[in-house]
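Colleague: Have a look at this prediction, sequence included:
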Amino acid sequence: MTSERDPKLAHLIDWLRDAHAMEAQAETMLKGMAGRIEHYPELKARIEEHILETQGQAQAVARCLERHGEDASTLKDTGGRLMASLQGMSGMMASDEVLKGALFSHAFENLEVASYRSLQAAAHAVGDEATATVCGEILKQEEAMAQWLYDYIPTLTGQFLARATGTGEAKR
């Protein structure tokens, strides 16, 4: 196993496994959120679009691992999905679930941005330019989603407040 001979590569592989688990967590979180949104079609559509990106990202990370003769960590993936499920359940209790979900999603997207910047640097450091390229492509998608959420949060807040003071159907 290559990762046992090269400590830098071992870290890259471990971090790729973490990224795969992060994508599993993101997919679970996004699917849960999209499935509960009732009154915010623009947000729901963008989340559903990002679910497809997220699935593609997980596949791309898995291919990076495969190039090194490695695979994703089932334990880490399961842990990520569990964390997302717990986060989703806690958000369901909030009277402003849709807004809290968007805020958490924005924070999570920025975690992903930072993670892929680090992964890209690590891939360059070990000479794995294919993985560096993949991480750069994923990074662009994560930055775009983070920016979209950042830009949309004021609109969502306004929509939420209008619904909350109008029909009372604002939570989702």
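Modeller: On my side now, so go ahead. Residues are numbered from 1 along each chain as shown.

Colleague: can you pull the contacts of residue 151?
Modeller: By C-beta atoms under 8 Å, 6 or more residues apart in numbering, the contact set of residue 151 is empty. Where you see a C-beta, it was placed from the backbone N, CA and C, and this is true even at glycine.

Colleague: same question but for residue 141, I mixed them up
Modeller: Here residue 141 is in contact with 50, 53, 57 (criterion: C-beta under 8 Å, 6+ apart).

Colleague: list the buried ones in the helix or strand hosting the first one?
Modeller: Read that as residue 50. Using DSSP states H and E, residue 50 falls within helix 41-67. Across helix 41-67, burial judged by 16 or more other C-beta atoms under 10 Å covers 43-44, 46-47, 50-51, 53-55, 57-58, 60-62, 64-65.

Colleague: go on, stretch 29-38?
Modeller: Residues 29, 30, 31, 32, 33, 34, 36, 37 are the ones in stretch 29-38 that count as buried (16+ other C-beta under 10 Å).

Colleague: pLDDT (mean, whole number) over that stretch?
Modeller: For stretch 29-38, the mean per-residue pLDDT is 91.

Colleague: same thing with stretch 99-114?
Modeller: On average, stretch 99-114 scores 95.

Colleague: list the buried ones in it?
Modeller: 99-106, 108-110, 112-113.

Colleague: So what touches that stretch?
Modeller: 22, 26, 29-30, 33, 43, 47, 87, 91, 94, 139, 142-143, 145-146, 149-150, 152-153, 156-157, 160.

Colleague: my read: residue 42 touches residue 148, true?
Modeller: No: if you go by C-beta atoms under 8 Å, residue 42 and residue 148 don't touch, sitting 10.0 Å apart.

Colleague: quick one on the thing from earlier: list just the nearest of the buried residues of stretch 99-114 to residue 70.
Modeller: Closest to residue 70 out of the buried residues of stretch 99-114 is residue 112 (20.7 Å), distances taken as C-beta to C-beta.
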